[in-house]
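Engineer: 3D model of this:
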Amino acid sequence: MNISSGFRSVAVAAIAAVGIGFASAAHADSGTIRFSVYKAAFFVGGSGGEGTLTFHGKRYPISIGGISGGLAFGASKTYFQGTVRNIRRARDVAGVYGAAGGGGAVGKGAQMIVMTNDKGAKLELTGRQVGLQVNADISGLSVTMK
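Structural biologist: Residues are numbered from 1 along each chain as shown. Modelled structure (predicted):
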C-alpha cells in the first residue's frame, strides 16, 4: 500500500512539531517566588509591591504592579509565596498576568491563585492577607525584573 507523498509530508511535519513542543517543555524549569502586595480598591483598585524570584540558586529582585475592576473595596496587604513554572531564564517571569476571581478578608485571610503570562510562565501562589478587602473582580498583575 503506497502512502501519498503529500500525506507523508504532513505526517512528518506534525510529528516534528509535536517533538519540538515536547523538547521545549522538557527544557523549561521552575523557581520559587515571594512577594508582598499592597492593594486598595473602591470599584477600581490598584496594587503594588516587591519581592524575590529564586532561580537556579540565584535571587532576583522583582516589582509587582496591578489594577483591578469590578466589585472591590477595602485595603489589604498580601504576602504571596509559591512556584513559577515553565521558565527557561529568570526574565521569563516578567510579564503581565491576568485572573478573574473573588475573595475577602477581615483581619486575616488566605488566598490561592494560579496565573500565566504571555511567555507561558505559570505562577502558582498561596498567600496570607491582612486588612479589610472584599472583591469579585478581574485583575491584572505585572511582574518586572529590577
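Engineer: what's the longest strand in this protein?
Structural biologist: Determined from DSSP state E, the single longest strand within the chain is strand 58-87.
Engineer: Any regions of this protein where pLDDT drops low?
Structural biologist: Scanning the chain for pLDDT under 70 picks out 1-27, 70-71, 99-110, 134-139.
Engineer: and Asp29, how many residues sit next to it?
Structural biologist: When neighbours are defined as other CB atoms under 10 Å, Asp29 has 14 of them. Every residue, glycine included, has its C-beta placed from N, CA and C.
Engineer: hmm, back to that, okay, buried residues for the longest strand of the chain please.
Structural biologist: 60, 62, 64-66, 68, 70, 72, 74, 76-80, 82, 84-87 (16 or more other CB atoms under 10 Å).
Engineer: and it, what other elements does it pack with?
Structural biologist: strand 29-55, strand 95-116, strand 122-145 (3 or more CB pairs under 8 Å, 6 or more residues apart in numbering; DSSP states H and E).
Engineer: For it, which strands pair with it and how are they oriented?
Structural biologist: strand 29-55 (antiparallel), strand 122-145 (antiparallel) (DSSP bridges).
Engineer: For these, give me TSV that also has distance to Gln111.
Structural biologist: Output for the strands paired with strand 58-87, formatted as TSV (distance: least, CB to CB, whole Å):
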stretch	distance to Gln111
strand 29-55	10
strand 122-145	4
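Engineer: among these, which is nearest Thr116?
Structural biologist: With CB to CB as the criterion, Thr116 lies closest to strand 122-145 of the strands paired with strand 58-87, at 4.9 Å.
Engineer: How much space separates Gly45 from Lys39?
Structural biologist: The spacing between Gly45 and Lys39, counted by CB to CB, to the nearest Å, is 6 Å.
Engineer: any shared contact partners between these two?
Structural biologist: Shared contacts of Gly45 and Lys39 (CB atoms under 8 Å, 6 or more residues apart in numbering): Ser68.
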